[in-house]
Structure formats: structure tokens, C-alpha cells
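> Fold the stuff below for me.
(chains A, B and C)
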Amino acid sequence: MSMDSNIFERMMRKNRIFKNRDVLRHSYTPENLPHRRKQIETLASFLLPALNGETPSNILVYGKTGTGKTATVKYVGKQLEEAGRNLKVNCYVHYLNCEIIDTQYRVLATLAKALGRNVPMTGWPTDQVYEEVKNAIDEKDQTIIIVLDEIDKLVRKGDEVLYNLSRINSELKNARVSIIGISNDLKFKNFLDPRVISSLSEEEIVFPPYNAEQLQDILIQRAELAFYEGVLDEDVIPYCAALAAQEHGDARKALDLLRVSGEIAEMENSDKITREHVKAAVRKIEADHVIEAVRTLPTQTKLVLYSIILLHENGKRKSTTGEVYAVYRSLCKRLSLDILTQRRVSDLLSELDMLGIINSIIISKGRYGRTREIQLDVPAKPIKDVILDDYRLEALKKMEKSFRSIITLEVFDYTNQKF
DNA sequence: CCTCCACCGGAAAGCCGGGTCA
DNA sequence: TGACCCGGCTTTCCGGTGGAGG
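As a prediction, the model looks like this:
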């Protein structure tokens, strides 16, 4: 047996790439944030009053994804709490991500929990939870900073919470509250009550995208911690940075690219990461993203998507809502599933569009009406496989042979009805 | 220039499964 | 236990509309 096939030898070589891959993950908050000095200092100066027992202004933080908003706010928040401890001032930061905690009720309930109150995650009237939060905060002389990350996600569901929270100070005797809202959507203010806007955005901080050079600095800093020396080909970092810079200077994307490149190199038992690995990473990230999105779709939506794929495979590269619905309905009947209304299917199609799985535009065919023109935007094969993984749709596998006739029949019937 | 198709998409309301409370 | 509440999904109803064909 040659040395090369010794299992330990191979494993040793496998570990030659990553020293610590976690520093490339989203959850990692670095010790220092390159090119964000100005934002850190501004934010800190806004929060400074908290240490004197005064109320800091409410702050809105803007910037696209991967511009360091969350990392910066968390970093400054940590520093503030630390300073509070040293100076014996009650000063606490509560971080909420509104993408996960995405309703009025849940925001309040989570806050109440963080403040040590026992509130069920569902059940109570919202007002009552608000009272509970208010009382918990006012229990002692303290400053509470509430960070609402992805605040735009919350606004879509009504601004009552924001209205209440932004005026909570007038109802407090002992404590002070200030809110930091983080958003990557500059337009989200349009959905807000003007009063809420003015009170929420007493101060604003904008995070500009990173340029390619700055992204390189970030990557170099992380790569040092993540990889063993000499693993990276010299053009890998500039390449990752350039790719991410093309997409609105997204540092998260850049780090993903670097990590996945490393993982691919590791899998190939290569002891170097090359430009080719980065190219492969681009493809892998894209594909994984779509597959994962499809897998987590509700069954009905999968069936709608499947109908589009069937039409596509049978020579209809572009189909309309009506055609898709006809095929969908016939599949439902055969699977004896409930049939959704066309109105609902129309919404499901918009969702698929937003996920980037299909491409749909609304066109007018004049006399022949207005409809969506739907195209499949991703390779059909892997998507089909994922859909068939759904146990409620397993029966589709046995129907392969009748698909052709479903298509011709349904679409024919459907167009026939119209004339 | 008007019509009228085949849908779009907003609003409202219903249903359901999760939960609490007294 | 029954009276509530919440959120997600769905149905019902309906007014709106770009542009090919008359």
C-alpha cells in the first residue's frame, strides 16, 4: 500500500486548509471592523448620554446587506454595556432581529422575556404585553437600548409597535428607552406614519457599500485567522473581492465565497485554493440557494412550480397564468389534493418570482387579455428532484407517462373554452 | 379611437391551529 | 370549560388595465 492511500495521510492533508472556518461565517463578530471607524464613532457619540442617565436619541441605521451595520451596532452595544458596568450605570442593549421576530406581538413578547417577565409567545392581547414590557423597564433607574434589526420587515405588518415604543418614554418614571432601527431598505419610511418617522429618526447613520479594495482588507484580515499560511493563491482574495464588489459591495457575499472556495478545495484534497475554486464556489452558492428555497416551499407552491416545469419540458418556454393553472388543477385532481383558487395561485406565482425561481412579467396581449408571462429561470432537473422529495407529491413519480397528455389536454381544453 | 379580453391585485372576511385566562 | 387572541393561509368580491383588433 502506497503512502498516498493511507487514510491518516489523507486526513492530515485535508486539514491543511482551514485553521478556523468559523471566522468566515455570518455569526462571527470580528474584533475590529475595517473601514467603519467613522460609523462606530458617530454611533458611540449618539449613545454616550446613556452613561449619564440621559435618554439617547433614537437612531436609524441604513445600508445594504453586508455593509457591516449589524456587526457595528453589536460591537458598539457591547462596548456600551461594558462601560456601563465599569461606571456602575444601568445600561443595557437588547438586540432583536425582526426577520425572525416578525410580528408586533412577538417583538413585545421577546422584549418582555429578555427583561425577565414571563409572557407566553402567543395568547395575550398585545396591549397587555406592552404594559408588561413598560412595567418591567420602569422597575428601576436604567437605560434600555432596543435594537430592531431589519426593521423594515416589521413595518410591513403595521407600525403600532413602533408608534408605542417611540413614545414610551413619556410613560416612564424611572427608566429611559432609546431605539436603534437597522434597515437595508431606504424606502421603508414611506410605509410609516410621519410621526413615527420623525421620532424614530432623530439621528441617522448611513453605511456605504464597501469598494473592492476595502473588501480585500476585510478578507485579508479574516483569511489570516481562517486559513493556514500559503494556502491561498495570491489572486483568490482580489477575485472574491471583485465579485462581491460587483454586487453592491457585500462583505457577507465575499466571505461566503472565500469559505465555500475553501470547502471545495478541501473536498478535492487540494492543498491550495485557486481562482478555479472560487468560480466553482460561485456556481455552488447560486445552486444551493435555489434548491434550498424550493425545498422549503409549501406543497401547493411546489405543485404550481411543477406545473410550470411540465409546460416548460413540453416545449412551452413561456406560459401564462391560465395555462399553469389548468395544468395545476389537473395535477391536483389526480393527486386528490385541495385545489386553490386562481387568485391564490396568482399570488404563489408572484412569490416564486420574488424568489428568483421563475421569471414573470405582466404583458398585454391586446384583445387576448393581460396576464403574466412565466419562464423558468433555473435548471429544471435538480428542482424536479427536490419537489419529488416531498412525500405528499410522491405519486407524481408514477404519473410521468401521462404528463404529455395532461399538457395537451388541459392546455387545449383551456384555450378551447375561450373561443 | 373605442372595446373588451384574461387576467392583476387590493380589501375584507373566514377558517384553522396554536395559545391563554378565569 | 368557553371566551378570547394571534398569525398564516385562503376564498370572495371586485374594480382596474395595456393594447390588438375592430
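> before we move on, which element is A:I374 in?
Using DSSP states H and E, the element containing A:I374 is strand A:370-376.
> what does the stretch 1-150 of chain A put close to DNA strand B?
A:P120, A:M121, A:T122, A:G123, A:W124 (C-beta under 7 Å from any atom of the strand). For glycine as for every other residue, the C-beta is placed from the backbone atoms N, C-alpha and C.
> Can I get stretch A:311-321 in PDB, CA atoms only?
Provided in PDB are the C-alpha atoms of stretch A:311-321 (Å, rounded to 0.1, in the frame of the first residue of the first chain):
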ATOM      1  CA  LEU A 311     -45.100  23.000 -19.500                       C
ATOM      2  CA  HIS A 312     -41.500  24.000 -20.000                       C
ATOM      3  CA  GLU A 313     -40.400  20.500 -20.700                       C
ATOM      4  CA  ASN A 314     -43.100  20.100 -23.300                       C
ATOM      5  CA  GLY A 315     -42.000  22.900 -25.400                       C
ATOM      6  CA  LYS A 316     -43.800  25.800 -23.700                       C
ATOM      7  CA  ARG A 317     -40.900  28.000 -22.700                       C
ATOM      8  CA  LYS A 318     -43.300  30.800 -21.900                       C
ATOM      9  CA  SER A 319     -46.600  30.100 -20.300                       C
ATOM     10  CA  THR A 320     -49.400  32.200 -18.900                       C
ATOM     11  CA  THR A 321     -51.200  32.100 -15.600                       C
END
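> Quick one: buried ones out of the residues of the stretch 1-150 of chain A next to DNA strand B?
The neighbour count (16 or more other C-beta atoms under 10 Å) marks A:W124 as buried among these.
> Widest-spaced pair of the residues of the stretch 1-150 of chain A next to DNA strand B?
Within those, A:M121 and A:W124 form the most distant pair, 9.7 Å apart (C-beta to C-beta).
> Overlap in contacts, those two.
Residues touching both A:M121 and A:W124 by C-beta atoms under 8 Å, 6 or more residues apart in numbering: A:A109.
> and A:S360, how far is that from DNA strand C?
Separation of A:S360 from DNA strand C (C-beta to the nearest atom of the strand, to the nearest Å): 15 Å.
> show me what contacts that residue?
The neighbours of A:S360, taking C-beta under 8 Å, 6+ apart as the test, are A:L349, A:S350, A:L352, A:D353, A:R372, A:E373, A:I374, A:Q375.
> so where does the fourth one fall, helix or strand?
When you say that, I think you mean A:D353. helix A:342-354.
> Adjacent strands (with direction) for the helix or strand following that helix?
Sequence order places strand A:358-364 as the next helix or strand after helix A:342-354, per DSSP H and E. Strand A:358-364 has its sheet partners listed here by DSSP bridges as strand A:370-376 (antiparallel).
> Would you check that A:Q214 makes contact with A:R37?
No. Counting by C-beta atoms under 8 Å, A:Q214 sits too far from A:R37 to count as a contact (11.9 Å).
> Compare these two and say which is more crowded by neighbours.
A:Q214 (19 against 10; other C-beta atoms under 10 Å).
> pLDDT (mean, whole number) over the strand or helix carrying that one?
Element membership of A:Q214, judged by DSSP H and E, is helix A:212-226. In this model, helix A:212-226 has a mean pLDDT of 93.
> same deal with stretch A:251-269?
Within the predicted structure, the mean pLDDT of stretch A:251-269 is 92.
> just stretch A:165-175 next, same as before
Throughout stretch A:165-175, pLDDT has a mean value of 87.
> Please list the outside residues in contact with it.
A:55, A:58, A:134, A:137-144, A:146, A:176-177, A:179, A:196, A:199-200.
> buried stuff in stretch A:25-35?
A:L33, A:P34, A:H35.
> Taking helix A:342-354 as reference, get the angle to the strand holding A:I374.
Counting by axes from the mean of the first three to the mean of the last three C-alpha atoms, to 10 degrees, strand A:370-376 points 50 degrees away from the direction of helix A:342-354.
> Return the distance of strand A:370-376 from the chain's centre.
Relative to the chain's own centre, strand A:370-376 is displaced by 26 Å; criterion: C-alpha atoms, centre = their mean, to the nearest Å.
> what does that strand rub up against?
So strand A:370-376 is contacted by A:308-309, A:312, A:317-322, A:324, A:346, A:349, A:357-365 (C-beta under 8 Å, 6+ apart).
> Of those, grab the buried ones for ChimeraX.
Listed next is the ChimeraX selection for buried residues among the contacts of strand A:370-376, using 16+ other C-beta under 10 Å:
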select /A:308,309,312,318,319,320,321,322,324,346,349,357,358,360
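> of the contacts of strand A:370-376, list those near DNA strand B.
A:T320, A:T321, A:G322, A:S346, A:L349, A:I362.
> which of those sit farthest apart?
A:G322 and A:I362 (13.3 Å).
> correct me, but A:S346 touches A:V324?
No. A:S346 lies out of contact with A:V324 (C-beta under 8 Å); the separation is 9.6 Å.
> buried ones in the helix holding A:D353?
So, applying 16+ other C-beta under 10 Å, buried residues of helix A:342-354: A:V345, A:S346, A:L348, A:L349, A:L352, A:D353.
> Quick check: closest non-adjacent residue to the fifth one.
The shortest distance from A:L352 to any non-neighbouring residue, by C-beta to C-beta, 6 or more residues apart in numbering, is to A:I358 (4.7 Å).
> residues touching that neighbour, list them.
Taking C-beta under 8 Å, 6+ apart as the definition, contacts of A:I358 comprise A:L305, A:I308, A:L349, A:L352, A:I374, A:Q375, A:L376, A:D377.
> Please tell me how far A:E234 sits from A:I273.
11 Å (C-beta to C-beta, to the nearest Å).
> Counting neighbours around each, name which of those two comes out higher.
The neighbour count for A:E234 versus A:I273, taken as other C-beta under 10 Å, is higher for A:I273 (25 against 8).
> For the more buried one, list the residues it contacts.
A:I273 neighbours (C-beta under 8 Å, 6+ apart): A:I17, A:F227, A:V231, A:L232, A:D233, A:V236, A:S261, A:G262, A:A265.
> Top of those by number of neighbours, please.
Of these, with other C-beta under 10 Å as the count, A:S261 tops at 29 neighbours.
> Phi, psi for that residue please.
Dihedral pair for A:S261: phi -60, psi -50, per degrees, to the nearest 10.
> Am I right that it is in contact with A:K272?
No. With contacts counted by C-beta under 8 Å, A:S261 stays clear of A:K272, the gap being 10.7 Å.
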